[in-house]
Every structure is written in structure tokens, then in C-alpha cells.
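> With the sequence up front, the predicted model follows.
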There are 2 protein chains.
Amino acid sequence: MPPTDRIRDHAGQGATTVAAHRARRRLRADRARQLADLLRRQLLTDGFGSGTLPHESLLATDYRTSRNTVREALDLLRSEGLVDRLPGVGTVVVARKYPHGLDRLMGLAETLHEHGRVTNEVRTVGPVSAPAPVADRLHLPPGADVLYIERLRRLNGLPLSLDLTYIPLDLGTALLGADLENTDVFRLLESITGRPLGHADITLEAVNADAHSAAVLEAPRGAAVLMLERLTHLADGRPVDLEFIRFRGDRISMSGLLHRTA
Amino acid sequence: MPPTDRIRDHAGQGATTVAAHRARRRLRADRARQLADLLRRQLLTDGFGSGTLPHESLLATDYRTSRNTVREALDLLRSEGLVDRLPGVGTVVVARKYPHGLDRLMGLAETLHEHGRVTNEVRTVGPVSAPAPVADRLHLPPGADVLYIERLRRLNGLPLSLDLTYIPLDLGTALLGADLENTDVFRLLESITGRPLGHADITLEAVNADAHSAAVLEAPRGAAVLMLERLTHLADGRPVDLEFIRFRGDRISMSGLLHRTA
């Protein structure tokens, strides 16, 4: 971060060219992004609690930048729905992201148990004929029946994710009578098989929510979604749970640890 | 996936109520999402190569759904910029996502070496006074100088990510003369220290790109971005590289393996 605003943010000098204007705007936008990323980190780690951010002028001093840059950085965080500006109060934290681990395979209720109660609205559940890519990944013959489950998952009532789940029918039938509204599928699978699950292959992407998915998640159309595809295996290696999960980007972050050497 | 369209997609019967219309639309949207997720998987794993997707009617047969649902699923993938519809040709793959591993700590050029050449446009490089959160994470005294680097990273000329990097100045000064345009910072740090890096703490989020970041990444405003915060340590545990990385969501996916038990 540049320690000082070498180029002043106020405009209006007669000699200012269009190019110089643009360069200043770019510089300020760059600095605003740098500052927003640092503040985002503090928001994510509860550095401000659920309270109020320091006053703009204090942030400007602390980060050795201009108040215009601070305002622009706060605008970035506001447009992500993380903070809001209240007249007479200042900039307040309005949303938090819940951490989902990337180090161990865990269900949502398990992961978030410290943060509240996960409930699942079961939108669809029932046997369907497995489409080829599903049969292929679950090592089933093409067209074999699988249990399809579609759940809108909430934490303390707030929509977090929309999960599309395919499970081989020998395990799936036992799930049909289970308490899917209040229990992770992982836990149910372990209770059915009597053994802990093994591993999962995961793929993460960032996508813009289509209109329908956004409506289900009660998010704005086009909202950034953290998309997780996860194929979970039993301890003996058999694939038993294929899921396509859309997490609201403004409510979930994923954290983990990577090592340089194996 | 429902094996058949139990509710026909064509409308127009006089007796159709608004509620029934809505229910049909919701059902079709749900099915389109299911199908889009399965096709997305095949796109990500090069199932269609760089070629053409099967004809709509074939997809409808294969996936036991209606052509309207297929069209809607393809529209979803098109709005994500993954496919396009060419008159007289069909639906073609227009973009691919490059896989970035979540299993091992790797630089971008290292990760993507099979896919082409990574080049870095260095937008900013130079010493700055470390803002408090940066000093804190890098275990430096507040206000200590760090090297700040801002790079737009491209694969075969296409923008992939915008990286903001903070490095302690004792290592940073050695980077100032290095070939930052063509070399991963990881590799440079290992060459300076003469030892492999240790581990990194990472956090992933999905965010909508602000106007300025989108412009730098040559992406549409609001495009979903996979945001990675990564603090990399030397083998002895010293934190030496704090990065804030915005990956274009339409060009990168992250894959890894999770285990249920430690």
C-alpha cells in the first residue's frame, strides 16, 4: 500500500488533462481495493465483532491514505453486503461469513455447530434414473436408480446453500425415512453404514447465480456463489454421495492449509 | 433428476391457473439447474473437448428431459460464458476453466505449466510501510517496510488473476531485480532462501468483481471472482508472503481431496 497519497484526490486544476484524471482515478481505485482487502480480512476474522468500524478519518490515518480512498474502500465492502453506512452511527458490520473447513470432510451442521442451528428445507426427494454422468461417478450401471435430494440449507433461518444430492439407492432408501430436515446426509450415511466416511474429491468455483437459484437463495440476481462439487466415498473407496452445492458467497468462506511438499 | 417431464412444458390450456404456471416454471428451472450442473462437470473435465455439445434433442433423450429444459440448461451455461450457440453449428465450448490444485502449495505458472505460459504484468512494485493487519500477519513491527507487488497474471495472454502481494523487505529487496514478469514469486522466494517453502493458510471466497477490478481482469462488471487470501510460510514457520488474489471465476476452478478423519 502506498504510504501516502502522492497524487491528491481533489480535482479542478485548470491544467489537469483527461489522462491525468484517469491515472488518478486508477490509482485511487487500486488503493481502495488494497484497503478493502485488508478490512475484509478483519471482517472475516471478527476483528470488528458485530459492531462499528473505526471512523473514516481514523482509518485514513491508520492506513496512511486519504479519506476519499477510505470511502471508496468502504463502498466496495458495502456493495458486497458486508457493511452498511448508518447516518449518525458510521460504518457497521451487517453480515458475516461463516468459515467452512477445507482440511477435513465435514457436513454443514457439523462445521457450523458453534454458530447456530442448520435446518434443511427438502425441496425434492425421491428415486430417479441416474443420468450418465451421475451413474459414471457413482460407479453404477447407466440408468440405475439413485435417490435425488434437493435441499435449501439455512443457518439460524438464513439461507446458506442450495444442495443437489445423488445417492445410490441401496443407501438412499434408508435415507427416505430419516430426518433430512435436521441432519447432515454425512451423519445419516455413517449411521446407515455404521462406519465413518472415507474421503471426498472436491471442486470449487465462483459463479454468478442465475435468476432462479438466486431467488431460492434469497440473494440478488447475479450474486457471486461459491459452487462446490463433491464426490464422497466410504472408507472402502466406494463413491456414495455426489453433491452440487451453491453457497451464498456473502455468507460462507472456506479455509484450509496447504503444504509445499507431500 | 426426474426421469420424465411429468408436467408438459407447453402452455396455453384455458384452464391453466397462474399457480400451475408458476409451479411448472419452477419445476423446469429446477431441472435446468440439475442438467446444467451435470453438463458443467463434463465441460470442466474436457468431456466435450473444445468442440460441440451433442444436439439438444440428443441431450433431451440422454437426460430424459424436454428440449425446453435442455435449452434452459444451455442458457445457464451460456450466461456463465462457458458455451455459446452458433447458428448452423450448435452449442460450442467457448471457454475452459483451468484446474488449480488445493492439495499442494503451488505457484500459478507451476500449476498451469501443462496449459500454457503464465506471464505477469507488474502494475506496481516497491517498498511501502506495512499497514497494521499486514505487519501483524507477517510478524513484523507495525510500520516496518514491506515490498508491495501488484500483478495482473495471464495464461497465454488471457487475464486469469489480479494478485496483491506483501513480502518482508529483507526478502523483498532481492525480488526487486528479479524477473517478476515470467516467474512465480514462490519460485523466487525458494531461490533466494535456498529452501522449499513450508505451508500456507488459505481462505477462499466468491465475490462479485467491483467495476475497477472487473475492468483490470477484462471481465464484466459484477462477474463472480474466486478470491483467495493466502499467507505462505517458510519451512521454519516464518510467514513471508501475504497475497490477496482475485481469480476470474470463469477461468479457474480449484480441486482437492478431503479426508473424514485426520
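Yep, that arrived.
> CA atoms for contacts and neighbours, from now on please.
OK.
> List the contacts of stretch A:195-205.
A:105, A:186, A:189-190, A:226-237, B:206, B:226, B:249, B:252-261 (CA atoms under 8 Å, 6 or more residues apart in numbering or on different chains).
> Which residues of the stretch 151-262 of chain A lie near chain B?
Residues of the stretch 151-262 of chain A that fall close to chain B, judged by CA under 8 Å from any CA of the partner chain: A:164, A:196-208, A:210, A:212, A:222-226, A:244, A:249-250, A:252-262.
> Write the ChimeraX selection for whichever of those are buried.
Only the buried entries of these go into this ChimeraX selection, using 16 or more other CA atoms under 10 Å in any protein chain shown:
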select /A:164,196,197,198,199,200,201,202,203,204,205,206,207,208,210,212,222,223,224,225,226,244,249,250,252,253,254,255,256,257,258,259,260
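> how about low-confidence regions in the stretch 101-250 of chain A?
Across the stretch 101-250 of chain A, nothing is flagged by pLDDT under 70.
> Tell me which stretches of it form helices.
Using DSSP state H, counting those that start in this stretch, the helices of the stretch 101-250 of chain A run over A:108-111, A:132-137, A:169-176, A:185-193, A:211-217.
> deepest of the ones you listed, which one?
Compared across these, helix A:108-111 shows the largest average neighbour count, a mean of 19 (mean count of other CA atoms under 10 Å in any protein chain shown).
> The biggest helix by length in chain A: which residues count as buried?
When chain A is parsed with DSSP state H, its longest helix is helix A:18-44. Of the residues in helix A:18-44, those buried by neighbour count under the rule 16+ other CA under 10 Å are A:24, A:27-40, A:43-44.
> show me the residues around the residue nearest to residue A:69 when sequence neighbours are not counted that make contact.
Distance criterion CA to CA, 6 or more residues apart in numbering or on different chains; nearest residue to residue A:69, sequence neighbours excluded, is residue A:32 at 5.3 Å. Residues near residue A:32 by CA under 8 Å, 6+ apart: A:69-70, A:72-73.
> Would you reformat these as JSON lines and include pLDDT and secondary structure?
What follows is the contacts of residue A:32, written out as JSON lines (pLDDT from 0 to 100; DSSP: H, G, I helix; E, B strand; the rest coil):
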{"residue": "A:69", "pLDDT": "95", "secondary structure": "helix"}
{"residue": "A:70", "pLDDT": "96", "secondary structure": "helix"}
{"residue": "A:72", "pLDDT": "95", "secondary structure": "helix"}
{"residue": "A:73", "pLDDT": "96", "secondary structure": "helix"}
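> Would you list the buried entries among the residues you listed?
A:69-70, A:72-73.
> measure residue A:118 to residue B:118 for me?
42 Å (CA to CA, to the nearest Å).
> typed the wrong thing, it's residue A:236
Residue A:236 sits at a distance of 40 Å from residue B:118 (criterion: CA to CA).
> again, but for residue A:151
40 Å.
> go on, residue A:100?
From residue A:100 to residue B:118 the distance is 30 Å (CA to CA).
> again with residue A:24
Computed as CA to CA, the residue A:24 to residue B:118 distance reads 29 Å.
> what's the neighbour count on residue A:78?
If you count neighbours by other CA atoms under 10 Å in any protein chain shown, residue A:78 ends up with 18.
> where's it, which helix or strand?
Assigned by DSSP states H and E, residue A:78 falls within helix A:67-79.
> neighbours around residue A:88, how many?
Neighbourhood size, residue A:88 [other CA under 10 Å]: 6.
> got a list of what the residue in the stretch 1-150 of chain A positioned nearest to chain B touches?
Going by CA to the nearest CA, chain B is nearest to residue A:105 of the stretch 1-150 of chain A, at 4.5 Å. Residue A:105 makes contacts with A:199-200, B:258-261, as judged by CA under 8 Å, 6+ apart.
> Taking the residues you listed, tell me the two that lie furthest apart.
Greatest spatial distance among those (CA to CA): A:200 and B:261, at 11.4 Å.
> Just give the closest residue to residue A:178, not the sequence neighbours.
residue A:188 (7.6 Å).
> From residue A:172, how far off is that neighbour?
Using CA to CA, residue A:188 is found at 10 Å from residue A:172.
> Equivalent analysis for residue A:152, please.
Applying CA to CA to residue A:152 and residue A:172 gives a distance of 19 Å.
> Surely residue A:245 touches residue A:227?
Yes. Using CA atoms under 8 Å, residue A:245 and residue A:227 qualify as a contacting pair, with a distance of 5.7 Å.
> Can you pick out the residue with more neighbours from the two?
residue A:227 (25 against 22).
> which residues touch that one?
Going by CA under 8 Å, 6+ apart, residue A:227 touches A:204-207, A:244-247.
> Excluding chain neighbours, what is closest to it?
Per CA to CA, 6+ apart, closest to residue A:227 is residue A:246, 4.6 Å.
> same question, residue A:165
residue A:243 is the one closest to residue A:165 (CA to CA, 6+ apart), at 4.4 Å.
> residues touching the residue nearest to residue A:155 when sequence neighbours are not counted, list them.
Distances taken as CA to CA, 6+ apart put residue A:118 closest to residue A:155, at 4.5 Å, once the chain neighbours are dropped. Applying CA under 8 Å, 6+ apart to residue A:118 gives the contacts A:108-109, A:112, A:153-157, A:182.
> hmm, the next helix or strand after the helix holding residue A:78 in reach of chain B?
Sequence-wise, the next helix or strand downstream of helix A:67-79 (DSSP H and E) is strand A:83-86. No. Against chain B, strand A:83-86 shows no contacts by CA under 8 Å from any CA, the least distance being 14.2 Å.
> tell me the mean pLDDT for strand A:83-86?
The average of the pLDDT scores along strand A:83-86 is 93.
> Give the buried residues for the helix or strand just after that strand.
Downstream of strand A:83-86, the next assigned helix or strand under DSSP H and E is strand A:90-93. The neighbour-count check on strand A:90-93 (16+ other CA under 10 Å) flags A:91-93 as buried.
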